Each structure stands twice: as structure tokens, then as C-alpha cells.
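Q: quick one, what's the 3D model for this:
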Amino acid sequence: MTINARDLFSLSGKVILLTGAAGNLGSQYVDGLSQVGANVVLADMNYVECVKIEKTVRKKYDVDPLSLKLDLTSQKSISNLVSKVLKKYSKIDVLINNAAYQGTDEIRTTPFEKLLLKDWNKAVSVNLTGIFLLCQQVGEIMKKQRQGNIINIGSTYGLVAPDQRIYGNSGQNAGAFYAATKSAVINLTRYLASYWANTGIRVNTLSPGGVERNQTRDFVNNYSKKTMLGRMARKDEYVGAIIFLASDASSYMTGSNLIIDGGWTAW
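A: As a prediction, this is how the structure comes out:
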């Protein structure tokens, strides 16, 4: 059998539901997935920004994207989103649970002992419960299709504790709620991969490291020293991994966690 590598990574005609599409990394994923032929559903609270990104990729590539407003804390919003996607495309091939709540600078720098329950609950609602609800509804559709692919976005902080020494007064601190929810997402992925084994549904996690984007120079330097590559990631450096996980190039992969962190967790 001859393998066509280009076809392996093609997403031509695939419908990909991407949450957090208006974000720093989400917008990169939209462009990359569109380049290889995917029709991306841009789902985010920031509907206006999604529409701007949608117009750009529609002009650049031969694809048919769709922007929809999504509130992951609302089961009704999630149901409405799924219904609208099915009405337009009649299928969902890939779900990428990319949206996440990290809190404001003030919340992230709040001492653990003073962290408010409402801030903890909001993180759990978006970062974990929202994924649970979307996986429930989209997973049911994928079971009927007898094929589907779910990619959950984790974090290195779902694997190891944040090194408190690198933050200082940067305001970039990772809250306890972020570490807890991202860790939960990684094992939810394993559970769902096992639960949906032999149904045609694959479920994997991508765990990225930190991305450089206007942080203080001290923070960037301190973070970079923790990585083997000696730097933070560029915002476009996870696009290849997303295409790999969404495409047939990863067809024998499920229940796995793909870690891309510049070597942070390897030493």
C-alpha cells in the first residue's frame, strides 16, 4: 500500500468545531485548519472577532466557515450551537475544546487562601463542565456517524505544578483552578477514549507550553530558562500539532496526550 503523505494531513471537506476561536491560539488554529481544507466553526463569546477571522479565511482559502457565539457556562447555548452546526453541515467531524478561562491578572495573583469560590467555580464551569457538556452532545452525534475525533486542549500545568519562582510581579501567575481543571481534562480524555473505544471516535489531548505575547522581559527570561529550547513558544507553533491530531495522520492515536512545551516537562 502506497501512502500519500499529503492526503494524510488533508482536512478537505471536514467540519471542525473549534471553541475559543477568537483567542490568541484559536485564531492561529482557524487559519491552519482552513489552509488544509477544513470548514471551521468558530465558536467563542467574542462573536465579533470570530466574524472578522471568518471573513479573512473565507477570502484566503476555498472553505466555508461559520461563526457562532458560544457561552460554555450555558447548556442552552451549547445545545443551540450544536443544532446550528448540524443544520448547516449535517455533521461534525472534529471537536476541538480549546476555550479556557484563566482569570484576570488580579484573580491569577490572588493568594490561594484568598481565592474566591465564584472565581474557582467559573473556571470549573468553563474549563471542565463546558467540555463535559460539549463532549456529551457532540459525542452522541459522532456515535451515530460512526466516526469522529475530539481534541481537548490541556496544559503542561495539567501535568506539573507551576514553578512559583518564575512569576514575580509579572501578573502571569497560573491559578490553582487552571492547574486543577487542566489536569482533569487530561484524564477526561483518557476516560472518553476508553468509553468510546470501537465506536469510531478518537479522543486525544494536546498539552502546550507557554506562548510569548507581551509578557514582561523578566518573566520571558525566567520561563525560557525552564525549557530545553531556551525560549517560549511562538503563537503559530501548535498549528502543526492541531492539524496532525485532527487529520488521518493520527489515525492510530487515541487516549494520548501530545506534549509540546520546548522540553519544559522533560527534565
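
Q: CA atoms for contacts and neighbours, from now on please.
A: OK.

Q: in the chain, where's the longest helix?
A: In the chain, ranked by residue count with DSSP state H as the criterion, the top helix is helix 176-195.

Q: mind checking how far that one is from the chain centre?
A: The chain centroid and the centroid of helix 176-195 are separated by 13 Å under C-alpha atoms, centre = their mean, to the nearest Å.

Q: try stretch 255-267
A: 15 Å.

Q: same question, stretch 191-204
A: The answer for stretch 191-204 is 18 Å, by C-alpha atoms, centre = their mean.

Q: buried residues, that stretch. List them.
A: Neighbour-count burial for stretch 191-204 flags Leu192, Ala193, Ile201, Arg202, Val203, Asn204 (criterion: 16 or more other C-alpha atoms under 10 Å).

Q: do stretch 10-26 as well
A: For stretch 10-26, by 16+ other C-alpha under 10 Å, it's 10-23, 25-26.

Q: got a list of what the most centrally placed residue in the chain touches?
A: Central residue of the chain (C-alpha atoms, centre = their mean): Asn98, 2.2 Å from the mean position. The contact partners of Asn98, taken as C-alpha atoms under 8 Å, 6 or more residues apart in numbering, are Leu18, Thr19, Gly20, Ala21, Gly26, Asn152, Ile153.

Q: does anything pack onto the helix or strand following the longest helix of the chain? Which helices or strands?
A: Where DSSP states H and E defines the elements, the next helix or strand beyond helix 176-195 is strand 201-208. Strand 201-208 is packed against helix 130-145, strand 148-153, helix 176-195, helix 239-246, strand 257-260, with contacts defined by 3 or more C-alpha pairs under 8 Å, 6 or more residues apart in numbering; DSSP states H and E.

Q: Val36: which of the ones you listed is closest?
A: Across the helices and strands packed on strand 201-208, Val36 has its closest neighbour in helix 239-246 (8.2 Å, C-alpha to C-alpha).

Q: ok and the closest one relative to strand 148-153, angle-wise?
A: Per axes from the mean of the first three to the mean of the last three C-alpha atoms, to 10 degrees, the angle that helix 239-246 makes with strand 148-153 is 140 degrees.

Q: other residues contacting helix 239-246?
A: Phe9, Leu11, Gln28, Tyr29, Gly32, Leu33, Val94, Asn149, Ile151, Asn204, Leu206, Ser250.
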